[in-house]
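Novice: sequence? don't have it. structure:
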């Protein structure tokens, strides 16, 4: 197995990791496309905040629900095939989006665009077998840094939109993803586990047996962590441009660039989160994530109106911190999965990824509803604080209850 601490550009493992990461970056850029073009569509169609929330959240729903099946299919048919097919399907849907003219048509196209988000489960199951257990946190952290695709869309899409319209954004992003799919197919190979199974003629697990680990309550606790760390990240990646336009009156291109102060740390530091999880343990990382996030979300929950208003500088700084610790949490969750379920990463990673992705669907809709009901832009951060508090309490209670059992076992 390859040692990623000493990269060898000719090695199969490192090539698979970096090409997969680049592919996931483009997939994520497509997956969060509505964060920018959705604002123009909202203006053109006169959508309410709740309708806008549904528009930007629907691709996240597809990407979430598809993850469990895509993860299982990756283990059964190989990541090279499933990853390529997923990217091509998402590219086609994104191109068709550029031809949509009505709200229902855009919602239908958004379902197909969402397949780009399902690529995460494929990539995790594909990349993981290339590396030993002590390096999987780092490897999966590097792969997960492809979340930076959200920042790519926020930074570039406003300029393309202003120059040629939102339809051109969809067309260009679709073309880039299709080219990436072809490049991936011709520059990568099958993962070691899939190659070994083909070589020895072993049949994959019975389909229902793939779901056996889901009876373990830990899977659902890890899912809640990922609901916040990843689902909250996706939700804010989609919602922040609209938030900055509405709460602070920024122009769309300025809001898109400022929102990168959240998306970039929320993505690139995921690799560091993987390294940190390998070094000090995923549990310690999650404690750090939840405690800092609780403070950050409380600050951001202050109403954006006098006398409690926080200025845009404080807002951007707090969002930067929140994005940073969320990136660490995303990596730590999958370090847990690689450690506890080494033989079921596709299924368990797919379920955890699905729940996290559902957070990216549910939360933007909830943000829009809360804004419509309360009139407060900052109400979205109060909701995130509640999710953080529940996650921290559940984790701490579980650890305290398991401590006597561990002590008794070692006595």
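Specialist: Everything's here; your move. This one's a predicted model, so the numbers in the text were calculated from it and none came from an experiment. Residues are numbered from 1 along each chain as shown.
Novice: Quick check: which ranges of the stretch 1-150 of the chain have low pLDDT?
Specialist: 1-10 (pLDDT under 70).
Novice: Please report how far residue 283 lies from residue 225.
Specialist: 11 Å (Cβ to Cβ, to the nearest Å). Backbone N, C-alpha and C define where each C-beta goes, glycine included.
Novice: and these two? which has more neighbours close in?
Specialist: residue 225 (26 against 13; other Cβ atoms under 10 Å).
Novice: quick one: contacts for the more buried one?
Specialist: Listed by Cβ atoms under 8 Å, 6 or more residues apart in numbering, the contact partners of residue 225 are 286, 329, 332, 333, 391, 395.
Novice: Can you lay out those as TSV showing neighbour count, secondary structure and pLDDT?
Specialist: Shown next, in TSV, are those (neighbours: other Cβ atoms under 10 Å; DSSP: H, G, I helix; E, B strand; the rest coil; pLDDT from 0 to 100):
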residue	neighbour count	secondary structure	pLDDT
286	25	helix	92
329	29	helix	91
332	30	helix	89
333	31	helix	89
391	23	helix	93
395	18	helix	90
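Novice: Closest one to residue 238 out of these, please.
Specialist: Closest approach to residue 238 among those (Cβ to Cβ): residue 329, at 18.4 Å.
Novice: That closest one touches residue 283, doesn't it?
Specialist: No: if you go by Cβ atoms under 8 Å, residue 329 and residue 283 don't touch, sitting 11.6 Å apart.
Novice: can I assume residue 123 is in contact with residue 143?
Specialist: Yes: here residue 123 reaches residue 143: they are 5.5 Å apart, a contact under Cβ under 8 Å.
Novice: Overlap in contacts, the two.
Specialist: Joint contacts of residue 123 and residue 143 (Cβ under 8 Å, 6+ apart) are 20, 21, 24.
Novice: so of these, which ones are in helices?
Specialist: Secondary structure assignment by DSSP state H places 20, 21, 24 of these in helices.
Novice: pLDDT below threshold where in the stretch 301-411 of the chain?
Specialist: Counting by pLDDT under 70, the stretch 301-411 of the chain shows low-confidence ranges at 304-308, 343, 346, 403-411.
Novice: one step back: mind putting the ones in helices among the shared contacts of residue 123 and residue 143 into JSON lines with distance to residue 400 and neighbour count?
Specialist: Below are those laid out as JSON lines (distance: Cβ to Cβ, whole Å; neighbours: other Cβ atoms under 10 Å):
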{"residue": "20", "distance to residue 400": "38", "neighbour count": "26"}
{"residue": "21", "distance to residue 400": "37", "neighbour count": "19"}
{"residue": "24", "distance to residue 400": "36", "neighbour count": "29"}
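Novice: Can I get those in JSON lines including distance to residue 166?
Specialist: Below are those laid out as JSON lines (distance: Cβ to Cβ, whole Å):
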{"residue": "20", "distance to residue 166": "29"}
{"residue": "21", "distance to residue 166": "27"}
{"residue": "24", "distance to residue 166": "24"}
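Novice: Could you check how far stretch 295-303 is from the centre of its chain?
Specialist: 22 Å (Cα atoms, centre = their mean, to the nearest Å).
Novice: Same question for stretch 68-88.
Specialist: For stretch 68-88 - counting by Cα atoms, centre = their mean - the centre lies 17 Å from the chain centre.
Novice: So, low pLDDT: which residues of the stretch 151-300 of the chain?
Specialist: In the stretch 151-300 of the chain, residues with pLDDT under 70: 198, 200-213, 261, 266.
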